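quick one, what's the 3D model for this:
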Amino acid sequence: MTAPRILDVGCGLNKRPGSIGIDRNPRTAADVIADLDHFPYPFRDSSFDELHATHVIEHVSDVVRTIEEFHRLVRPGGRIFVTTPHYTDFSSFCDPTHRWHLNSFSFRYFGADHGGFGYYSAARLRERKVRVRLLALWRWLGFELLVNAWPRFRLFWEHYLCFVVRGKVMEFEFEAVK
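Numbers count the residues shown, from 1 in each chain. Here you go, the predicted model:
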């Protein structure tokens, strides 16, 4: 069995071991230097088994086009991992390079339950996992467990409670549907 081909988008200084790193900054651990806002990235279609974008999606100029590029780069059934701050976290707004402030349902346009907005993109992703990390107090009180255990409770939290029980970071795992 061969090792999976992994792309680490926006790898920065902490490139994922065994991966190919792409970043716009030449002072990083990237193997490939490219502007992440210019498409296509310099790789063939379906080149990777996994793609990781850790604290990247909030910086790009076009979230939809970037997700479409991620979709293009992974093989059918390949995994896309996205980590980003929740929009209620202080870090979402304190970094002046953050262009987007997202919630745990922000990527629904790419799924089967696209809320009637599936025409924004032809790229399709199957949501495998969503994990919302909350601030420490709420995690210790067990609230994080509730938010992550039941999607309907997560929806209730997003609609009514997230400005009191603040989110910290969201971790998404998607499967590319091709």
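
check which element follows the worst-scoring helix or strand of the chain on mean pLDDT along the chain.
Taking mean pLDDT, DSSP states H and E as the measure, the chain has helix 90-94 as its least confident helix or strand, at a mean of 91. Per DSSP states H and E, helix 90-94 leads on to strand 124-134 as the next helix or strand towards the C-terminus.

against which helices or strands is that next one packed?
Helices and strands touching strand 124-134, by 3 or more C-beta pairs under 8 Å, 6 or more residues apart in numbering; DSSP states H and E, are helix 63-73, helix 143-149, helix 151-156, strand 167-177. From N, CA and C alone the C-beta is placed, and that goes for glycine too.

how about 7 Å then?
Applying 3 or more C-beta pairs under 7 Å, 6 or more residues apart in numbering; DSSP states H and E, we find strand 124-134 packed against helix 143-149, strand 167-177.

now for these, which one comes closest to S121?
For S121, the closest of these is strand 167-177, at 12.0 Å, according to C-beta to C-beta.

tell me the SS of R27?
coil (DSSP: H, G, I helix; E, B strand; the rest coil).

that one: neighbouring residues, count only.
Residues near R27, counting by other C-beta atoms under 10 Å, number 9.

G18 versus that one, what's the distance?
R27 is 22 Å from G18, where distance means C-beta to C-beta, to the nearest Å.

one more: P40?
From P40 across to G18, the span is 23 Å (C-beta to C-beta).

how about L51?
13 Å.

ok, those two, which is more surrounded?
L51 (25 against 10).

for the more buried one, pull up the helix or strand it's in.
For L51, the host element (DSSP H and E) is strand 48-54.

can you state the direction angle for that strand and strand 167-177?
Angle of strand 48-54 versus strand 167-177, following axes from the mean of the first three to the mean of the last three C-alpha atoms, to 10 degrees, is 160 degrees.

now this structure, which segments are flagged as low pLDDT?
The model of the chain has no residue with pLDDT under 70.

with that, I have no additional questions.
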